[in-house]
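**Q** Need coordinates for the following:
(one chain, ligands or ions: 1)
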Amino acid sequence: MPRRSKPGHATKTSAPILPSRLEPSQILFVCLGNICRSPAAEGLFRALEPSVDCDSAGTASYHVGEPPYGAMRQALKRRDVDVSDLRARQFSAADFSGFGLILAMDLDNLAAIEAQRPRGNQVPVHLFTDFAPQTGVDHVPDPYYTRDFDGCLDLLEQAAAGLKQALAPRHS
Ligand code: 4NP
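**A** Next up, the predicted model:
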């Protein structure tokens, strides 16, 4: 029997293997509400790698049209990252046509994304934490519940750095 672990509680140490034909000039970051983790990931990564067109979305519709959560905006501002221009939107199957890479913040998001994959579509969907194997975690804990906004950003920064490194050969 394969070992099964509760979503969000397994550890993961292997580095992701990106398909060689992957050229993600457009990357979508996805969480649940699109007001904490994914807009933060978008803001951090667009600051780190301006040549990539970034966007973010939530699998739920609760906060559509809202700016990123205030406490997250403030935590980002302390790191000189401004996300005040972003507005929440809901992930849809059409996003499989608009992006070369989709990155989920946790396993529930990943499952919700995959449930909408159009037949025959092959856009890679990964956990964002796949790009930070050194952390040993397989999800980005949700600061909306944990209230640990700085810890969330520390993890997102590591994943963003790993993603930039993984894309570097394709952008040189
Ligand atoms: P996010 O956090 O998925 O990182 O944006 C959440 C924000 C709001 C809710 C859930 C998660 N909510 O249930 O309202």
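
**Q** which regions of the protein lie under the pLDDT threshold?
**A** 1-23, 168-172 (pLDDT under 70).

**Q** how about the residues of it near the ligand?
**A** C31, L32, G33, N34, I35, C36, R37, G58, Y62, D142, Y144 (CB under 6 Å from any ligand atom). For glycine as for every other residue, the C-beta is placed from the backbone atoms N, C-alpha and C.

**Q** can you count the residues close to the third one?
**A** It stands for G33. If you count neighbours by other CB atoms under 10 Å, G33 ends up with 22.

**Q** Quickly run through the sheet partners of the host helix or strand of I102, with directions.
**A** Taking DSSP states H and E as the definition, I102 sits inside strand 101-104. If you go by DSSP bridges, strand 101-104 pairs up with strand 26-31 (parallel), strand 125-127 (parallel).

**Q** same for the host helix or strand of A160, what does it pack against?
**A** Element membership for A160, per DSSP H and E: helix 149-171. Applying 3 or more CB pairs under 8 Å, 6 or more residues apart in numbering; DSSP states H and E, we find helix 149-171 packed against helix 37-48, helix 70-77, helix 143-146.

**Q** how far off helix 149-171 does the first one point, in degrees?
**A** Between the axis of helix 37-48 and that of helix 149-171 there is an angle of 50 degrees, by axes from the mean of the first three to the mean of the last three CA atoms, to 10 degrees.
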